[in-house]
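Enquirer: compute the structure for the input listed below.
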Amino acid sequence: MKLAPSILTADFVRLGEEVEAIFAAGVRWLHLDVMDGRFVPNISFGPTIVRALKPIADRYDALVDAHLMIVEPEHYLRAFAAAGCDNITIHSEVGPHLHRNIQAIKGLGVRAGVAINPATPINVIEEVLPELDLALVMTVNPGFGGQVLLPHCLDKVRRLRERIDTLGLATELMVDGGVHEHTIASCRDAGATVAVVGSAIFRPDRAPDEGVAVLQQALAVSASR
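Expert: A predicted model of the protein is given here:
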């Protein structure tokens, strides 16, 4: 299972060092939660952070993934692609033209993802699933880090995993929210291939590479049972 650390809870004074630490620990996926204060009740950052972190990611051949929790994402796709995103994920709930926005992302030479909130059924993205490089199941309501994983969302992961496999797709299946050493194995067992992890890695009481090791150990122990 791939780890995709979210920098939302990182120490922004030492952001470059913390990102360097997770890459040195073997992580090859960086998740950037972009919030506009409209779609979610929080504001985070924009393309400038992507541009700043992209050179570090490139040194490790790591993927930079922007999760746009914003309304009208079509107005910002070009800016995030130009800043260096390898993957751009938008939400199914933000507008009526999901397929058009997916095609716009791909037209910029970037991998395309779609996220669904806890209350959104998986059939909302069924028609566009073959177009996606990434399907993201939110396992908390988006907007803040450190929340508790909503168990019913794992059933959505299972059903989406079955649909992806039935269609024979290579689409990555990501979970985001409440993932830590006690829940990550359940996410993997439900069928997720990528886990967004924030406060379990970026926290004040231990180094980021230690958090990566704890999660990898949790996955290894559960797999050996």
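
Enquirer: use CA for all of it now, contacts and neighbours both
Expert: Will do.

Enquirer: where do the helices sit along this protein?
Expert: Listed in chain order, the helices found in the chain under DSSP state H are 15-24, 47-59, 77-83, 98-107, 152-167, 184-190, 208-223.

Enquirer: next, the angle helix 15-24 makes with the second one.
Expert: The directions of helix 47-59 and helix 15-24 differ by 40 degrees, with axes from the mean of the first three to the mean of the last three Cα atoms, to 10 degrees as the criterion.

Enquirer: related to what we said a few turns ago, just name the most buried of the helices of the chain.
Expert: Across the helices of the chain, the average number of neighbours (mean count of other Cα atoms under 10 Å) peaks for helix 184-190, which reaches a mean of 21.

Enquirer: where in the protein is the helix or strand with the lowest mean pLDDT?
Expert: Within the chain, judged by mean pLDDT, DSSP states H and E, the helix or strand with the poorest mean is helix 208-223; its value is a mean of 93.

Enquirer: ok, the nearest residue to Glu18 once chain neighbours are set aside to Ala24 distance?
Expert: When the adjacent residues along the chain are set aside, Glu18 lies closest to Pro208, with 6.4 Å between them (Cα to Cα, 6 or more residues apart in numbering). Distance, Pro208 to Ala24, using Cα to Cα, to the nearest Å: 10 Å.

Enquirer: now do Glu17
Expert: Using Cα to Cα, Glu17 is found at 10 Å from Ala24.
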